[in-house]
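Engineer: one predicted model, sequence on top.
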Amino acid sequence: MKRGKKYQEAAKKVDRTKLYTLQDASALVKECAYAKFNETVEISVALSLKKSQSVRDTVVLPNQFMAQKRILVFAKGDKAEEAKAAGAAYVGDNDLIEKIRGGWMDFDVAVATPDMMKDVGRLGPVLGRRGLMPNPKTHTVTNDIKEALAELNKGRVEFRSDKTGVVHLAVGKVDMDADKIAENAKVAIDEIVRKKPSDAKGDFIVSIALSSTMGPGVPVNAKELAASAE
């Protein structure tokens, strides 16, 4: 893939023979960012996984950088009132289900109480392909609506390994201080390590890279971070 001149100039700043500390990588990613918009900083963590294994969970990053989410809650009765009091953008049951079936999707994340999932399950083809289906593994199917919304508003995000065993996760913006980007990345890595499958063998983390939306990847010392997380 042919890269533009700005990318090539940025890439020259990265020493490919070196594995950077997370702090140094965060600073370098900021230096390498050249787009006119505020680029997102993403961490890519390659894991040693069998085909039958996957890693999926959520993590609350300490330094918020995303706009407040529009949270939809499927709930009835007292739980619906709890959701409204906790600041949900939309609360309902069958009315919202029918609205979504009609094509409305003006929300960022969906939460549901367990008793609603039988009905919400009918939205699988719609919500599933957009990654919006409530799921116990991501703590979006719960009776503790207040706590779920509090964590989502604090910056709780989902991570999952793709088919190649890599976890991609946004951990900041290039206008943030490097130490805050590094702190978010460290928390994310620690949580990924905690989700290591019990039957995984050898080194769990193969490699780590930090990059901005348009910039080059910066290799990070994976062994050092993996050791500190265990």
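Structural biologist: Noted; the coordinates are in hand.
Engineer: counting by contacts, list what the lowest-mean-pLDDT helix or strand in the chain packs against.
Structural biologist: Lowest by mean pLDDT, DSSP states H and E among the helices and strands of the chain is helix 222-229, with a mean of 76. Packing partners of helix 222-229 (3 or more Cβ pairs under 8 Å, 6 or more residues apart in numbering; DSSP states H and E): helix 178-194, strand 205-212. For the C-beta atoms, the positions are set from N, CA and C on the backbone; glycine is no exception.
Engineer: what's the first one packed up against?
Structural biologist: When you say that, I think you mean helix 178-194. helix 22-32, strand 40-47, strand 56-60, strand 156-160, strand 166-173, strand 205-212, helix 222-229.
Engineer: go again using 10 Å as the cut-off
Structural biologist: helix 22-32, strand 40-47, strand 56-60, strand 156-160, strand 166-173, strand 205-212, strand 218-220, helix 222-229 (3 or more Cβ pairs under 10 Å, 6 or more residues apart in numbering; DSSP states H and E).
Engineer: redo the ones you listed as JSON lines? Include distance to Gly131 and mean neighbour count.
Structural biologist: Below are these laid out as JSON lines (distance: least, Cβ to Cβ, whole Å; neighbours: other Cβ atoms under 10 Å):
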{"stretch": "helix 22-32", "distance to Gly131": "25", "mean neighbour count": "22"}
{"stretch": "strand 40-47", "distance to Gly131": "16", "mean neighbour count": "22"}
{"stretch": "strand 56-60", "distance to Gly131": "11", "mean neighbour count": "16"}
{"stretch": "strand 156-160", "distance to Gly131": "8", "mean neighbour count": "18"}
{"stretch": "strand 166-173", "distance to Gly131": "13", "mean neighbour count": "21"}
{"stretch": "strand 205-212", "distance to Gly131": "22", "mean neighbour count": "22"}
{"stretch": "strand 218-220", "distance to Gly131": "26", "mean neighbour count": "23"}
{"stretch": "helix 222-229", "distance to Gly131": "26", "mean neighbour count": "16"}
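Engineer: circling back: okay, the helices and strands packed on helix 222-229 in a markdown table with distance to Val141 and mean pLDDT next?
Structural biologist: Shown next, in a markdown table, are the helices and strands packed on helix 222-229 (distance: least, Cβ to Cβ, whole Å; pLDDT from 0 to 100):
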| stretch | distance to Val141 | mean pLDDT |
| --- | --- | --- |
| helix 178-194 | 20 | 95 |
| strand 205-212 | 29 | 96 |
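Engineer: okay, these in TSV with distance to Ile71 next?
Structural biologist: Compiled in TSV, these are given as follows (distance: least, Cβ to Cβ, whole Å):
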stretch	distance to Ile71
helix 178-194	21
strand 205-212	28
